[in-house]
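**Q** need a structure here:
(2 chains)
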Amino acid sequence: MFADYTWAELGSIFAMQGFSGLILFSVLLLMALGLAIIFGQMGVINMAHGEFMILGAYITYLTSNLFSTYIPELFGAYFFIAIIFAFIGTFLLGALVEWSLIRHLYKRPLDTLLATWGLSLILQQLYRTVFGPREVGVTLPDWMMGSFQVSEMIEVPVNGMIVMVITLFITVGVFLFLQKSRKGKQSRAVVQNRAMAGAVGIDTARVDRFTFALGCGIAGIAGATFTMIGSTGPTSGQLYIVDTFLVVVFGGAASLLGTIASAFSISQAQSIMEFFLSGSMAKVLTLLTVIVILMLRPQGLFSLKVRR
Amino acid sequence: MKKTISPSRPGTTRRTLLKGLAAIPAAMLLATSAYASDVNSTGLAVTDDTVTVGILHSATGTMAISETGSIQAEKLAIEQINASGGVLGRQIKYIQEDGASDWPTFAEKAKKLLVKDKVAAIMGCWTSASRKAVLPVMEQYNGMLFYPTFYEGLEQSPNVIYTGQEATQQILKGIDWAKKTKGAKKFFLLGSDYIWPRTSNKIARKHIEKLGLKVVGEEYYPLGHTQFNSVINKIKLKRPDVIFTTVVGGSNVAFYKQLNAAGIDLTKEKPLVLTLSVTEDEILGIGGENVEGLYASMKYFQSLPNDNNQAFVKAFKKRWGDDIVIGDVTQAAYLGPWLWKAAVEKAGSFDIDKIRKTLPGIELTTAPEGYVKVHPNHHLWSKSRIGHAKKDGQFDVVYESKELIEPNPFPKGYQ
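**A** Residues are numbered from 1 along each chain as shown, chains lettered A, B, ... in the order given. Next up, the predicted model:
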């Protein structure tokens, strides 16, 4: 396979391949973070996670239209404002959903699966009615497209870099939030022992709502970010949901570190195998490996030791 | 059922009499009444002034993105036929059913249209999977389906008219063109992982090798795949002259955005990207700036300059809005009702068996794509064209085959 190439060419290709693995890692991690909070921390199986992401993408689309119509001179910077809008919009919808639907189901975690699946169908149809069944094209500022030329062969895509930076930022933010902040500690306390948390004076209902909304908000940021690399349509969220659950379950619920490790190993395995085998085969092998590991280690890569 | 009633039963004479009485006013109104009662007696939903057809597409679910254009085209054609006097003096009514992107639903709705509504024809289906699901129903209840999508071939049914191109019509000329005009020698085949891309690439590979050229890679990705960085690296390593792609749906958006981000500028044509699956419709979602310079091989582009097409585009925009675009399949869907009307009028009847006899040889000089003709194998003779995508999402037609290409759904030496 490599006989016709010089070492320099091979070197650059592998460098780029390594980089594409890192981009995939950022993408997987970013989509899984929101779910890691909702499923990992709260035990709610949120099947509408993909639709929350797409809401973020649609908010980005609306923001881009707003900027190009009213303030075209600032179009180059709209994306960052869109991310903030996407976070606020999905955060609010998340809070609403928690209040109206999820909080009645905390004692029946399996029913949240059905309820949120229904919610995902409702949201899909809503997007279809509002934005039409076709995918919308989100226009990006020119500086976000294209690539840096590092050497003659190595080119680094700009949007990949942006995804990596955003992911890094959000991951660190979530980590600090859960470990250091008062609200974060409260939410972990509620997850680990609801009754005791209530007994020491934590308003568990409020903490639940905040945690759920936060997870949705991060999904919204992910959706906004993915307008750079993927499609935005009523059913696009479905493209992400399997990978998202895969990452969270494989990493071990309730462990942020596990999510990161799992996203990293899945993305590297996938990306290396894609290069040497065909795309579909790589996917099959990745899934098989994950299944085998989960059979041997059902709690996932990392698990929190808690007395229940 | 009517046929089984024996003439000696007393009720029958009364019924016949009543029927005869009922026919009198009609006879006074219509000069063609004697002929009309003959036309109405096919067991289909035909009355003296209406005939009912079915429209069967996904208006909901993941395929709604693609099928909406076909629904609009079929409705427009029906409205235009009605405005010009209908078919055999009858206005066309349609019953629209939603296949909901679910193949068993398609089969069930097709059965409902044929058995309960007794429609005279069905315009519908989009994916090959939905057509395969509907096919046994069409054959069992003897219906006639007008199927608009370009597809992989290897099928021919007495109950289906294929108004899109089958694979060889779409592929062979495209590859010839890349060789002759662009001097292409090495091809990289890339597709979504299901029957249409795999069959298309099989035909493409055979043809490429027959021309003495080389296939340097063949790759498939699951439907909905959104990460193409690895395959883009592989493409860079193999340095093909042409990336020949049959990636469909949402994956397209990811593919072209990532191709662009990886520094492969389509306008530089290094490598050149030739697609079978991106029409004006898809570009709406991908964004014109991401596919500028892309080549597409199909039979219709919205920018075709002929008079038929100008009128069609104008009427389509008037009916469905100015910012709408028309892709290859939408145009093929528009042909369905017109071909059916021509066949019915030639047969002088709506009867399925009669129009099956008249359909081969039916010509349409008013087709937006130009002239088309039904082949005895139920596919259409049509031209092959190559379009070059512009930033505004439209194509410049850079090549058009001189002659009509014969449909060949079972290509020898390509299977």
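**Q** so B:Phe228 makes contact with B:Tyr256?
**A** No: counting by Cβ atoms under 8 Å, B:Phe228 does not reach B:Tyr256; the two are 9.1 Å apart. To be clear about C-beta, it is placed using only N, CA and C from the backbone, and glycine gets the same treatment.
**Q** tell me who's in contact with B:Glu152.
**A** B:128, B:166-167, B:195-196, B:199-200 (Cβ atoms under 8 Å, 6 or more residues apart in numbering or on different chains).
**Q** ok, now with 7 Å
**A** With contact set as Cβ atoms under 7 Å, 6 or more residues apart in numbering or on different chains, B:Glu152 has these partners: B:128, B:167, B:195-196, B:199-200.
**Q** for ChimeraX, write the select line for the buried members of the residues you listed.
**A** Filtering the contacts of B:Glu152 down to the buried ones (16 or more other Cβ atoms under 10 Å in any protein chain shown) takes a single ChimeraX command:
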select /B:128,167,196,199,200
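**Q** in JSON lines: the contacts of B:Glu152, plus distance to chain A.
**A** Supplementary listing: the contacts of B:Glu152 in JSON lines, determined by distance: Cβ to the nearest Cβ, whole Å:
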{"residue": "B:Ser128", "distance to chain A": "18"}
{"residue": "B:Ala167", "distance to chain A": "21"}
{"residue": "B:Ile195", "distance to chain A": "13"}
{"residue": "B:Trp196", "distance to chain A": "15"}
{"residue": "B:Thr199", "distance to chain A": "16"}
{"residue": "B:Ser200", "distance to chain A": "16"}
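**Q** in helices only, show me the contacts of B:Glu152.
**A** Those of these mapping onto helices are B:128, B:167, B:195-196, B:199-200, per DSSP state H.
**Q** export these to a markdown table and tack on pLDDT?
**A** Formatted as a markdown table, the ones in helices among the contacts of B:Glu152 follow (pLDDT from 0 to 100):
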| residue | pLDDT |
| --- | --- |
| B:Ser128 | 89 |
| B:Ala167 | 89 |
| B:Ile195 | 84 |
| B:Trp196 | 88 |
| B:Thr199 | 89 |
| B:Ser200 | 92 |
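**Q** could you dump those into JSON lines and include distance to A:Gln41?
**A** Output for the ones in helices among the contacts of B:Glu152, formatted as JSON lines (distance: Cβ to Cβ, whole Å):
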{"residue": "B:Ser128", "distance to A:Gln41": "44"}
{"residue": "B:Ala167", "distance to A:Gln41": "51"}
{"residue": "B:Ile195", "distance to A:Gln41": "43"}
{"residue": "B:Trp196", "distance to A:Gln41": "43"}
{"residue": "B:Thr199", "distance to A:Gln41": "47"}
{"residue": "B:Ser200", "distance to A:Gln41": "47"}
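**Q** interface residues of chain B facing chain A?
**A** Contact residues (Cβ under 7 Å from any Cβ of the partner chain) of chain B with chain A: B:62, B:64-65, B:68, B:193, B:219-222, B:224-227, B:229-231, B:233-234, B:236-237, B:250, B:253-254, B:257-258, B:260-263, B:284-287.
**Q** show the buried residues in these.
**A** Neighbour counting by 16+ other Cβ under 10 Å classes B:62, B:64-65, B:68, B:193, B:219-221, B:224-227, B:229-231, B:233-234, B:236-237, B:250, B:253-254, B:257-258, B:260-263, B:284-287 among those as buried.
**Q** those residues in helices, which ones?
**A** Those of these lying in helices (DSSP H): B:64-65, B:68, B:229-231, B:233-234, B:236-237, B:250, B:253-254, B:257-258, B:260-261, B:284-286.
**Q** now the residue of the stretch 101-250 of chain B at minimum distance from chain A: how far from B:Ile235?
**A** Closest contact between the stretch 101-250 of chain B and chain A, by Cβ to the nearest Cβ, is at B:Asn229 (3.2 Å). Computed as Cβ to Cβ, to the nearest Å, the B:Asn229 to B:Ile235 distance reads 11 Å.
**Q** does stretch A:233-252 reach chain B?
**A** Yes: applying Cβ under 7 Å from any Cβ, one finds stretch A:233-252 touching chain B at A:233, A:235-236, A:239.
**Q** tell me which two of the residues you listed sit farthest apart.
**A** Greatest spacing in the residues of stretch A:233-252 next to chain B, by Cβ to Cβ: A:Gly233 and A:Leu239 (9.5 Å).
**Q** what's the overlap in contacts for those two?
**A** B:Gly250.
**Q** can you show me the strands along the stretch 151-300 of chain A?
**A** Using DSSP state E, counting those that start in this stretch, the strands of the stretch 151-300 of chain A run over A:155-157.
**Q** excluding chain neighbours, what is closest to A:Phe302?
**A** Nearest-residue entry for A:Phe302: A:Gly258, 3.3 Å, with adjacent residues in sequence omitted and distances by Cβ to Cβ, 6 or more residues apart in numbering or on different chains.
**Q** the lowest-mean-pLDDT helix or strand in chain A - contacts with which helices or strands?
**A** Here the helix or strand of chain A ranked lowest by mean pLDDT, DSSP states H and E is strand A:147-149, holding a mean of 76. Contacts defined by 3 or more Cβ pairs under 7 Å, 6 or more residues apart in numbering or on different chains; DSSP states H and E place strand A:147-149 against strand A:155-157.
**Q** hmm, who's touching the strand it packs on?
**A** A:19, A:147-150, B:261-263.
**Q** and for stretch A:192-203?
**A** Stretch A:192-203 has contacts (Cβ under 7 Å, 6+ apart) with A:186, A:189-190, A:204, A:306.
**Q** right, and the helix or strand after the host helix or strand of B:Lys373?
**A** Assigned by DSSP states H and E, B:Lys373 belongs to strand B:370-374. Tracing the chain C-terminally past strand B:370-374 and defining elements by DSSP H and E, one meets strand B:380-381 next.
**Q** and the next helix or strand after that next one with strand B:370-374, angle?
**A** Toward the C-terminus, strand B:380-381 is succeeded by strand B:385-389 as the next helix or strand (DSSP H and E). Here the directions of strand B:385-389 and strand B:370-374 differ by 130 degrees (axes from the mean of the first three to the mean of the last three Cα atoms, to 10 degrees).
**Q** who does strand B:385-389 touch, helix- and strand-wise?
**A** strand B:295-298, strand B:395-400.
**Q** redo the ones you listed as JSON lines? Include mean neighbour count and mean pLDDT.
**A** Conversion of the helices and strands packed on strand B:385-389 to JSON lines gives the following (neighbours: other Cβ atoms under 10 Å in any protein chain shown; pLDDT from 0 to 100):
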{"stretch": "strand B:295-298", "mean neighbour count": "26", "mean pLDDT": "94"}
{"stretch": "strand B:395-400", "mean neighbour count": "16", "mean pLDDT": "95"}
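**Q** need these in CSV (columns: distance to B:Gly348).
**A** Below are the helices and strands packed on strand B:385-389 laid out as CSV (distance: least, Cβ to Cβ, whole Å):
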stretch, distance to B:Gly348
strand B:295-298, 35
strand B:395-400, 36
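**Q** ok so B:Leu190 is a strand residue?
**A** Yes: per DSSP: H, G, I helix; E, B strand; the rest coil, B:Leu190 lies within a strand segment.
**Q** residues touching it, list them.
**A** With contact set as Cβ under 7 Å, 6+ apart, B:Leu190 has these partners: B:219, B:231, B:243, B:245, B:247.
**Q** from A:Leu126, how far out is the residue positioned nearest the centre of chain B?
**A** Residue closest to the mean C-alpha point of chain B, counted by Cα atoms, centre = their mean, is B:Pro148 at 1.4 Å. Relative to A:Leu126, B:Pro148 is positioned 29 Å away (Cβ to Cβ).
**Q** looking at the contacts of B:Leu190, which is nearest A:Glu98?
**A** B:Val247 (38.1 Å).
**Q** pLDDT wise, what is that closest one at?
**A** B:Val247 is assigned a pLDDT of 90 by the prediction.
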